[in-house]
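> quick one: sequence and predicted model below, then my questions.
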Amino acid sequence: SAVISQKPSRDICQRGTSLTIQCQVDSQVTMMFWYRQQPGQSLTLIATANQGSEATYESGFVIDKFPISRPNLTFSTLTVSNMSPEDSSIYLCSTQLGVSEQYFGPGTRLTVT
Amino acid sequence: KQEVTQIPAALSVPEGENLVLNCSFTDSAIYNLQWFRQDPGKGLTSLLLIQSSQREQTSGRLNASLDKSSGRSTLYIAASQPGDSATYLCAVITNAGKSTFGDGTTLTVKP
């Protein structure tokens, strides 16, 4: 299994500012994923982050708004830029081990005022 | 585009009852299917992973089945307990590692 930690666990931010979320995995992994869960909704994949290459973004998500770093095989960051109240969500990172079993971090609860 | 639907959206049962949660998906070309539990304000806890070549997986009181050809999976919970109250999510996973989630079933087990 994989143990994933995220920082911060929650934050309240002002409109127009940016927040960087950190994700740490306790083992080396090839792929890391970033998801968003808006209030009362399910998870939506934002992007896939592979070490040594640019992140791959899903439809509706762009690098300027959600820049991602993947400096090594155990760590990734997601930045939510120029925030608006619509960005208020839980942001989760995940990875896969073995036959694609997914593991998730505890999430970062973001509130934009 | 893969779409995942979970029925019912919410379910309330008395303690001790057996129950079934349903998950359907539109594209049968999946790699795996995984069931998760999410408690309010928390992350996701993996319950069961079914590989595309498998038909079911069991863990304790939980049993998950997969019928790829019909695009369906079920999660069976036996002898439900109040501690089982949570939102249950299914996710279908492609061989590229991408997951599509259903909207979840919120389960309440009453003592």
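Okay, I see it. Numbers count the residues shown, from 1 in each chain, chains lettered A, B, ... in the order given.
> which ones are touching B:T5?
B:C23, B:S24, B:F25, B:G102, B:D103 (C-beta atoms under 8 Å, 6 or more residues apart in numbering or on different chains). Backbone N, C-alpha and C define where each C-beta goes, glycine included.
> am I right that B:G83 sits in a helix?
Yes. Under DSSP: H, G, I helix; E, B strand; the rest coil, B:G83 sits within a helix.
> which residues does the spatially closest residue to it that is not a sequence neighbour bridge with?
Spatially, and ignoring its direct neighbours in sequence, B:G83 is nearest to B:V109 (7.7 Å; C-beta to C-beta, 6 or more residues apart in numbering or on different chains). Beta-bridge pairing of B:V109 under DSSP bridges involves B:V13.
> list the contacts of B:V109.
If you count contacts by C-beta under 8 Å, 6+ apart, then B:V109 has B:S12, B:V13, B:P14, B:E15, B:E17, B:S80, B:Q81, B:P82, B:G83, B:D84, B:S85 around it.
> buried only: go through these for me.
B:V13, B:S80, B:D84, B:S85 (16 or more other C-beta atoms under 10 Å in any protein chain shown).
> can you pull out the strands in chain B?
Under the criterion DSSP state E, strands of chain B are mapped to B:4-7, B:10-14, B:19-25, B:32-38, B:44-51, B:56-59, B:62-67, B:72-77, B:86-93, B:99-101, B:105-110.
> lowest-pLDDT helix or strand in chain A?
Every helix and strand of chain A was ranked by mean pLDDT, DSSP states H and E. The lowest is strand A:101-104, at a mean of 90.
> show me what the very next helix or strand once past that one is packed against.
The first helix or strand that comes after strand A:101-104 along the chain, using DSSP states H and E, is strand A:108-112. Counting contacts by 3 or more C-beta pairs under 8 Å, 6 or more residues apart in numbering or on different chains; DSSP states H and E, strand A:108-112 is packed against strand A:10-13, strand A:89-97.
> one step back: dump the contacts of B:V109 to TSV, plus pLDDT.
Output for these, formatted as TSV (pLDDT from 0 to 100):
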residue	pLDDT
B:S12	97
B:V13	97
B:P14	97
B:E15	97
B:E17	97
B:S80	97
B:Q81	97
B:P82	97
B:G83	96
B:D84	97
B:S85	97
